[in-house]
Structure formats: structure tokens, C-alpha cells
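> With the sequence up front, the predicted model follows.
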Amino acid sequence: MDREPLIQRKTAISYKTEEKTVMRGYDLSELAEEGYSFYDAMFVLFQNRIPTENEEKMLKYEMGVFLEHSMSPSAVGAIGVSAGRPNLPVCVAAAVSTFGGVHGPGAAHGYMLNKYLERAKKEGKTVDEMAKTLVDEYMDAGRPVMGMGQPQHIDSDPRAEPIHLRQEELELEGVYLEFQKALEKYFHARRKKEGRSYVGVNVVGSGNTALMDIGFSPNAGWCIGSVVRGFSCAAHALFNMKKGRAWGASRNEPMVQMIDLSMIKYTGPEDRIVPKQEEQQEYARKQKEEGEYKQWVIYLKKRRTS
């Protein structure tokens, strides 16, 4: 039955009919059928454009690096909430809610870069000069310089520098990478002058830099990081639920303990070599035939027939 809508909500993001869903003018099914990936769709969603090949590679790389970080506040949040056996989205929401000033993806780092780059324009300073100004102002005030240091990777965040390198390899250097690297230079020099230990860039510092140089706003970067880590936290919650014991932490483990690397008792596969992309199909086939997937499928089939 045709009828006039009670209200109309303006949106430039998407619309749908009985036949299709259209995002920013593109039919989602057509995008998928043409081989465009989830990463391509993120550019369409947040930036209203299809990315270049290298931009898609950069986003794909960063989302892969940020996916999992083992025992961290967000994972602990998901695990703790799962003990009460709520629906899984509740666990993921709890995990994302732990993201703040010192954990998780942070828009604040990006806004800091934007603020000082705007000042550089107004004050007629170079990017290098403004980077020194930023470091001096933050450290003189006793404030932590956002994007530097990681509490579990004391010497250097192993995820961070490779993002810088990947951005350079893909020839996606922009003003944000220039500013961030100048910031790191003056930050290290200042700490060395004060006789303090080395503190490297963290994954938020390098990650936000790359995302902003390929066009994502600080808040869009925060959303992307939250969605990515949400998958990981869901996996932690599901693993805890599969133990079959609700509120198990109250029996054999302290409910509250320091989030320290020593508390991780990993029982998964041993370290293994990542296959080359050209080996992916054969590698995946063997894993599917020989691994947990096959055991699980066989188990389900046995249950259905018994």
C-alpha cells in the first residue's frame, strides 16, 4: 500500500529499496560482485570515494595490525562481562567502552596533530618548527605526548614503526607523516637531554598518521579501530563462554589482577610462518581439511546422526 511517510530523515550515507541497498550512490551488491573489498567499502562509507590500490593496501595493512593485542583492557572487559553470560554484543560493547586516553584507538592524537598544524599556518611556522613547539609545550606542562609510549611494550611498540615504513613503501607520505616523524625526533631528543629512557611511537601514533594521510578524519579512524578490535574482543568473549562455566573466574582465578604479560597462558597453535599470498589457496585447503574446522564439522555431523 502506497502511503506518505510520517517523517523524512535526510541522509547522504545510504538508501534502500525492496531490490537493493545503495551506499553513497553505489549498489553494495554490485561493489561486491566487481571484487571491491570491505576495505574499499570503508573509503566509500567514510570518504564518499573509491580508493586507489595503494590506499586500500594501507587500510588493509593497518586494520590487520590493529586487530588483536592479546590481554589488554578491552579484552579483559569482554572476558569479564562474558562471565555473566549476556548476549555477545553486550561483551563487545563493554570492550569498546574501555577505549580511552591510554588504551585503544584514539581520536585525540589526530586532533592534536590538526590543532598544531593549524597553528603552524597561522603563525607562519614550518612543520618541523611546530613539532618542536608541540613537544616542548606538552613536556613543559608534564603532559604525555599522545601517540608515544606503550605500557606493555616498554622499549618500542612492534606494531608502530612498520606502519610508518609501509606508508612510505606505498608512497602515501603526507603532511601528517612529516609532522609525526618530526614530533618523534624532538620527543626523543628531549628525553635524551633529560637523561630519560627511550620511548617509541605507539600503534595509535603511527596508525592515525597513516589514516589521516589517506583521508580519514580522527573520529573516522577511531571508529575503524573500534570495529576492528571489536572482532577480537568478541573472539575472547566466545572463547571464555565455550569453557562452559559461567563466572568461572571467581573459582580459580583472582577477579582483579594487574594486566601484565605474565598473566597470559597461551594454549593456541605454536608460532607459525605466514604463507605467501600465492600459497594461500593450497594452504587454506589443507588447514580446512586437517584442522579444527574439519574436526568441528565432523563432530556436528555425528551429533545430528546420533
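Great, that's in hand. Residues are numbered from 1 along each chain as shown.

> per-residue confidence for T17?
Note for T17: predicted pLDDT of 84.

> now do H153
71.

> quick one, what contacts it?
The contact partners of H153, taken as C-beta atoms under 8 Å, 6 or more residues apart in numbering, are G200, N202. Placement of C-beta: from N, CA and C, glycine included.

> Could you do S82 as well?
So S82 contacts C91, H236, A237, L238, N240, M241 (C-beta under 8 Å, 6+ apart).

> Please enumerate residues in contact with the helix or strand in which the second one is found?
Okay, so that is H236. Secondary structure from DSSP states H and E places H236 in helix 218-241. Contacts to helix 218-241, defined as C-beta under 8 Å, 6+ apart, come from residues 42, 46-47, 59, 63, 66-69, 74-75, 77-79, 81-83, 85, 88, 91-92, 95-96, 99, 104-111, 114, 204, 207-208, 211-212, 216, 248.

> And it, what's buried?
218, 220-226, 228-230, 232-234, 236-237, 240-241 (16 or more other C-beta atoms under 10 Å).

> quick one: pLDDT of the residue nearest to the spatial centre of the chain?
Nearest to the geometric centre of the chain sits G225, at 3.1 Å (C-alpha atoms, centre = their mean). G225 is assigned 89 on the pLDDT scale.

> please begin residue numbering at 26 from this point
Shifting the count to begin at 26 puts that one at G250.

> Strands of this protein, residue ranges please.
In the chain, the segments counted as strands under DSSP state E are 39-41, 46-48, 51-52.

> Can you tell me which of the contacts of helix 243-266 are buried?
Buried among those by 16+ other C-beta under 10 Å: 67, 71-72, 84, 88, 91, 94, 99-100, 102-104, 106-108, 113, 116-117, 120-121, 124, 129-132, 134-135, 229, 232-233, 236-237, 241.

> how many neighbours does A214 have?
The burial count assigned to A214 is 12, neighbours taken as other C-beta atoms under 10 Å.

> Farthest pair within the contacts of S107?
Spanning the widest gap among these are H261 and M266, at 9.8 Å by C-beta to C-beta.

> quick check, nearest of the contacts of S107 to A145?
For those, the nearest to A145 is H261 (41.7 Å; C-beta to C-beta).

> ok, that closest one to S99 distance?
9 Å (C-beta to C-beta, to the nearest Å).

> shared neighbours, the two?
Joint contacts of H261 and S99 (C-beta under 8 Å, 6+ apart) are A120.

> Reformat the contacts of S107 as TSV; add distance to M171.
TSV is the format used below for the contacts of S107 (distance: C-beta to C-beta, whole Å):
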residue	distance to M171
C116	28
H261	26
A262	29
L263	32
N265	32
M266	35
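
> does S39 really touch Y51, like I thought?
No - between S39 and Y51 there is no contact under C-beta atoms under 8 Å: 9.4 Å.

> Looking at these two now, which is surrounded by more residues?
More crowded of S39 and Y51, by other C-beta under 10 Å: Y51, with 19 against 14.

> Now do the contacts for the more buried one.
V69.

> before we move on, what about L142?
L142 touches V152, M155, V200, F204, counting by C-beta under 8 Å, 6+ apart.

> Would you show me how to pick out the buried ones of these in ChimeraX?
Buried subset of the contacts of L142, written as a ChimeraX selection, criterion 16+ other C-beta under 10 Å:
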select :152,155,204
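
> farthest-separated two in the contacts of L142?
Going by C-beta to C-beta, the pair spanning the contacts of L142 furthest: M155 and V200, at 10.8 Å.

> Identify the residue spatially nearest to P243, adjacent ones excluded.
G135 (2.9 Å; C-beta to C-beta, 6 or more residues apart in numbering).

> what about the one you found, distance to V69?
In terms of C-beta to C-beta, G135 sits 21 Å off from V69.

> Tell me how many other residues crowd E143.
11.

> Next: the one 10 residues further on.
Per other C-beta under 10 Å, the neighbour tally for D153 reads 16.

> how about the closest residue to it other than its chain neighbours, what does it touch?
Once flanking residues are discounted, D153 sits nearest to A207: 4.8 Å by C-beta to C-beta, 6+ apart. Applying C-beta under 8 Å, 6+ apart to A207 gives the contacts V152, D153, A156, K157.
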